[in-house]
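Colleague: pasting the sequence and the predicted model now:
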Amino acid sequence: MPWFYYVARATMRMLLFLLCRWQVRGKDNVPSHGPLLIVSNHLNLADPPLLGVSIGRKMMFMAKEELFGSRVGAYFIRGFGAFPVRRGRLDRLALRQADQVLARGFALAMFPEGMRSQSAQLRPAFLGSAMIAARNNTPLLPVGITGTEKIRGLTWMLRRPRITVNIGRPFLLPVCNCKLTREELARLTDMLMLRIAELLPPEYRGDYAAREAR
């Protein structure tokens, strides 16, 4: 990864200490090595670098292709370890890149909702995270983020919002040897989203607040 990755991490850490009340819970749950798929809710553009400094491992990010529209923006986003994915359809190139990241024993971070939640509540998730975890038999690390939705406007720095990154225990999806149908992927997606919901206060759980593990 280029020099920008390390400079951005140090800058993000300094800004969090100065401008926010930043807390990380469950850091002992992060495996120190080996392939890992990190799945989290998504509230703000600050969430990817926040995960980067909170998890403590080098990681790659799967980010929507719209963020790579400009050459300068793409340079900085790629510098932080991101690669593009086309949302709402099967992106085979992005899937291959994800498989390669995990095959090399690295950590990959994804936001299963596919976009920021404007209400701060969990939205229905896309199936991609479950598909990648299932086809690679990769441990998932659920993360619940609260507080970054308050980073908006011109005065948020004066309020020093409380930002919490709650890291759960890694787990494997119970994948059968059968073909991964859309229905099976939907079931597995619900399972991983419920793990994220458990790490969030009730008011953040949104679409998954009333669901029960199946």
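Modeller: Good, I have the coordinates. Numbers count the residues shown, from 1 in each chain.

Colleague: pull out the buried positions in the host helix or strand of Tyr6.
Modeller: Assessed by DSSP states H and E, Tyr6 sits inside helix 3-19. Neighbour-count burial for helix 3-19 flags 8-9, 12-13, 16, 19 (criterion: 16 or more other CB atoms under 10 Å). Yep, even glycine has a C-beta here, placed from its N, CA and C like the rest.

Colleague: which of these sits closest to Lys58?
Modeller: Arg9 (9.4 Å; CB to CB).

Colleague: how about that closest one, what does it touch?
Modeller: 49, 52-53 (CB atoms under 8 Å, 6 or more residues apart in numbering).

Colleague: most neighbours, which of those?
Modeller: In terms of neighbour count, Gly52 stands highest of those at 23 neighbours, by other CB atoms under 10 Å.

Colleague: before we move on, what SS does that one have?
Modeller: helix (DSSP: H, G, I helix; E, B strand; the rest coil).

Colleague: what do you get for Ile132?
Modeller: Strictly by three-state DSSP, Ile132 counts as helix.

Colleague: next, count neighbours for it.
Modeller: Ile132, neighbours per other CB under 10 Å, totals 22.

Colleague: related to what we said a few turns ago, and the contacts of Arg9 as CSV, adding pLDDT and distance to Ala103?
Modeller: Below are those laid out as CSV (pLDDT from 0 to 100; distance: CB to CB, whole Å):
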residue, pLDDT, distance to Ala103
Pro49, 87, 25
Gly52, 89, 21
Val53, 91, 25
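
Colleague: and the buried residues of helix 3-19 as CSV, adding pLDDT?
Modeller: Shown next, in CSV, are these (pLDDT from 0 to 100):
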residue, pLDDT
Ala8, 77
Arg9, 80
Met12, 86
Arg13, 90
Leu16, 92
Leu19, 92
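
Colleague: from the contacts of Arg9, which is closest to Met191?
Modeller: Taking the contacts of Arg9 together and measuring to Met191 by CB to CB, the closest member is Gly52, at 25.5 Å.

Colleague: pretty sure that closest one contacts Ser40?
Modeller: No - using CB atoms under 8 Å, Gly52 makes no contact with Ser40, being 11.5 Å away.

Colleague: tell me how many other residues crowd the residue nearest to Lys150 when sequence neighbours are not counted.
Modeller: Leaving aside its sequence neighbours, Lys150 sits nearest to Pro161 (CB to CB, 6 or more residues apart in numbering; 3.9 Å). Per other CB under 10 Å, the neighbour tally for Pro161 reads 17.

Colleague: need phi/psi at Pro161.
Modeller: phi -60, psi 150 (degrees, to the nearest 10).

Colleague: looks like it contacts Arg152 (just checking).
Modeller: No - with contact defined as CB under 8 Å, Pro161 and Arg152 do not form a contacting pair (9.7 Å).

Colleague: for this structure, which segments count as strands?
Modeller: Assignment of strands within the chain using DSSP state E yields the ranges 21-25, 36-40, 59-64, 82-85, 107-110, 140-146, 162-167.
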